[in-house]
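Participant: Got a sequence here, can you build the structure:
(4 chains)
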There are 2 protein chains.
Amino acid sequence: MPNLNTDKPERSRLSAADWERAALALIAEQGVTALNVEGLARELGVTKGSFYWHFPSREALLNAALERWELDVEHELGVEVESAGDPRARLRELFRRIAHEVQPHRVYAALLRALDHPRIQSLMARVSQRRMDFLALAYRQAGMERSAANHRARLTYAAYVGFLQMNVHLGVPRLSQDDYEAYVEHVIDTLIAE
Amino acid sequence: MPNLNTDKPERSRLSAADWERAALALIAEQGVTALNVEGLARELGVTKGSFYWHFPSREALLNAALERWELDVEHELGVEVESAGDPRARLRELFRRIAHEVQPHRVYAALLRALDHPRIQSLMARVSQRRMDFLALAYRQAGMERSAANHRARLTYAAYVGFLQMNVHLGVPRLSQDDYEAYVEHVIDTLIAE
DNA sequence: CTTGTCCCGTACGCTTGCGTATTGACTGGT
DNA sequence: ACCAGTCAATACGCAAGCGTACGGGACAAG
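Facilitator: Numbering: from 1, shown residues only, chains lettered A, B, ... in the order given. Here you go, the predicted structure:
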């Protein structure tokens, strides 16, 4: 079993994982529909002939890339769950981080626009449900009733989804840095305080 | 006058407006990418030859349909603005109505997934901005400070966008009727009360 | 040196969907 | 009755993308 190489220098040969990573990068930048094998091959400096050695079809690549992404996301959520401290402060910290690190969520935002694909739809349903469950738990740990926590988690997640859409894809006039910070604090006060 | 029949009309002749209405119906149901002239022609019981008499291209049809939709939306917002009464109660009423009449917002939700199209992006930016301005005004009339009202309007609109995504496209496990009502009231209490 | 495996290139067929060209049929006005 | 304008059918060209067939070079093993 040769080649465990996971770096990214100009190798003369590619592996399936290279295609998957390139696919995710392309999805993040230009969406799922932009994922075509010839374009991707061109971007990697090879031709289709290479691709169809690694994958039987475009769908297979998409599925592999999605699977890889789901594992990443689940891992991130895992480390999030394990962090200790005051639950309310943790939530605030989570909000601020997400507000300032939009980049890692671009794949999520891109997949949000491809929900007609059944596999992507079920994937997103799973991921969203897990995240909402995490939020609901956090709200309960912060002292809310079970039902209120569930509703608040749903509202929070809806706000997150809409936030991504508006910031990543909609050309909504960007707020100034100060206004943006004030907005984030407003969201935190509205959704967490009480 | 205009025949709103969207089934399989046995009309012998079609007008450009018929194509536009059919296009909007198709967009609402299956998204913008599903809008292709041959499929639409099949659905209307004619062939492409008819289409290209009314429109020079697929883009022209899409633009005409979007223009028509924008006028509708603007008109709805107009009647909304003119309604009087206690501002807070009006907001609550607005929330409840949107929560229960998701159907008219399916076009918006579909367009949300086609923001890579520059024309759709600017259109959606305009519509969203107008609606957010309306919300901000309502919040100010309800007694909030200018800046807080703007932020709350942004948050509310983000929640609306996310709400649409989750309900229309994401297969998120549907809430029971009672849970859903409770959720809506929770949203109202969280975003309006104070 | 030969051989098999891995990775890639080239060339082709196929489907979908846009757009064009041409012809035909139905309509109302004169 | 005729004619111009309107709507529609048929047939074709064309580009994009997926997938296949097949061939070849590099490289390690024997």
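Participant: From here on, just use CA atoms for contacts and neighbour counts.
Facilitator: Fine.
Participant: Do I have it right that A:Leu24 meets A:His105?
Facilitator: No: at 11.7 Å, A:Leu24 and A:His105 do not qualify as touching, with contact defined as CA atoms under 8 Å.
Participant: For the two, work out which one has more neighbours and name it.
Facilitator: The residue with more neighbours, out of A:Leu24 and A:His105, is A:Leu24; 24 against 15, by other CA atoms under 10 Å in any protein chain shown.
Participant: Around chain B, which positions in chain A sit nearby?
Facilitator: With CA under 8 Å from any CA of the partner chain as the criterion, chain A comes near chain B at residues A:112-116, A:121-122, A:124-125, A:129, A:148, A:151-152, A:155-163, A:165-166, A:169-172, A:183, A:186-187, A:190-191.
Participant: Tell me where the model's unsure across chain A.
Facilitator: Counting by pLDDT under 70, the low-confidence segments of chain A come to A:1-11, A:194.
Participant: Residue numbers of it in contact with DNA strand C?
Facilitator: If contacts are counted using CA under 7 Å from any atom of the strand, the residues of chain A sitting beside DNA strand C are A:12-15, A:45-51, A:53-54.
Participant: ok, 6 Å please
Facilitator: Proximity of chain A to DNA strand C is confined to A:Ser12, A:Arg13, A:Leu14, A:Ser15, A:Val46, A:Thr47, A:Lys48, A:Gly49, A:Ser50, A:Trp53 under the rule CA under 6 Å from any atom of the strand.
Participant: Give me the buried entries from the residues you listed.
Facilitator: Applying 16 or more other CA atoms under 10 Å in any protein chain shown to those, the neighbour count classes A:Ser15, A:Val46 as buried.
Participant: quick one: which of the residues of chain A next to DNA strand C is nearest to A:Arg92?
Facilitator: Proximity of the residues of chain A next to DNA strand C to A:Arg92 (CA to CA) peaks at A:Ser15, which lies at 40.7 Å.
Participant: ok now stretch A:181-189, how far from the chain's centre?
Facilitator: Shown here is stretch A:181-189, whose average C-alpha point lies 22 Å from the average C-alpha point of the whole chain (CA atoms, centre = their mean, to the nearest Å).
Participant: which residues are in contact with that stretch?
Facilitator: A:Arg92, A:Phe95, A:Arg96, A:Ala99, B:Ala148, B:His151, B:Arg152, B:Leu155 (CA atoms under 8 Å, 6 or more residues apart in numbering or on different chains).
Participant: A:Leu112: neighbouring residues, count only.
Facilitator: 24.
Participant: make that A:His75, sorry
Facilitator: When neighbours are counted by other CA under 10 Å, A:His75 registers 12.
Participant: Tell me which helix or strand it sits in.
Facilitator: helix A:58-82 (DSSP states H and E).
Participant: Buried ones in that helix, by neighbour count?
Facilitator: When burial is assessed from 16+ other CA under 10 Å, helix A:58-82 yields the following buried residues: A:Leu61, A:Leu62, A:Ala64, A:Ala65, A:Leu66, A:Trp69, A:Glu70, A:Val73.
Participant: contacting residues around the first one?
Facilitator: A:Leu61 sits next to A:Trp19, A:Glu20, A:Ala23, A:Phe55 when contact means CA under 8 Å, 6+ apart.
Participant: one step back: got TSV for the residues of chain A next to DNA strand C, with secondary structure and distance to A:Gly85 too?
Facilitator: Written out in TSV, the entries for those read as follows (DSSP: H, G, I helix; E, B strand; the rest coil; distance: CA to CA, whole Å):
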residue	secondary structure	distance to A:Gly85
A:Ser12	coil	48
A:Arg13	coil	47
A:Leu14	coil	44
A:Ser15	coil	42
A:Val46	coil	50
A:Thr47	coil	51
A:Lys48	helix	51
A:Gly49	helix	53
A:Ser50	helix	50
A:Trp53	helix	49
